[in-house]
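Engineer: Give me a 3D structure for the following:
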Amino acid sequence: MSMESYYELRHTVGFEETNIVGNVYYVNYLRWQGRCREMFLKDRAPTVLADLQDDLKLFTLKVECEFFAEITAFDEIAVRMRLLELAQTQLEFGFDYVRTGPAGETLVARGAQRVACMRGPNNRTVPTRVPEALERALEPYAAAGVRR
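Structural biologist: Numbers count the residues shown, from 1 in each chain. The predicted structure follows:
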């Protein structure tokens, strides 16, 4: 396994992502999870992205986030995504939110997201296998001891 066994999205926090006291509003952590997942598909699994424009759907079943430190406007953040679990029709991703800068790196939050693969029209979707192209794209990002 490579030393960097995660997919990374870099982000600079903007004022619009903070609340009245200047801390990042919690919903933005969940938005960054979705953005990281989207950019992963664009960068590493473009055929899956094309499949999503057809009839594949990735339904988010559960998201969670645990906070360790505050971040504020103009903090530089790395959102690091790993594969935690791969089942026949579902995936679980883990996310580390790391503040980066001259002083080093600080883990500020950790999150997870469970996703189900579905196919079919919106009113009749059925579970479907995780696409092989997605499995292959995620292999380098599998956390140690990924449950299968």
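Engineer: Just name the shakiest helix or strand of this structure by mean pLDDT.
Structural biologist: strand 142-147 (a mean of 76; mean pLDDT, DSSP states H and E).
Engineer: Which other helices and strands does the top helix by length along the chain contact?
Structural biologist: In the chain, taking DSSP state H as the definition, the longest helix is helix 27-44. Here helix 27-44 touches strand 7-12, helix 46-54, strand 56-67, strand 76-86, strand 90-100, strand 106-119, going by 3 or more CB pairs under 8 Å, 6 or more residues apart in numbering; DSSP states H and E. C-beta coordinates here come from the backbone N, C-alpha and C atoms, glycine included.
Engineer: I'd like the average pLDDT over it.
Structural biologist: Throughout helix 27-44, pLDDT has a mean value of 96.
Engineer: centre of the chain versus it, how much separation?
Structural biologist: Helix 27-44 has its C-alpha centroid displaced from the chain centroid by 5 Å (CA atoms, centre = their mean, to the nearest Å).
Engineer: What angle do strand 90-100 and it make with each other?
Structural biologist: Interaxial angle of helix 27-44 relative to strand 90-100 (axes from the mean of the first three to the mean of the last three CA atoms, to 10 degrees): 110 degrees.
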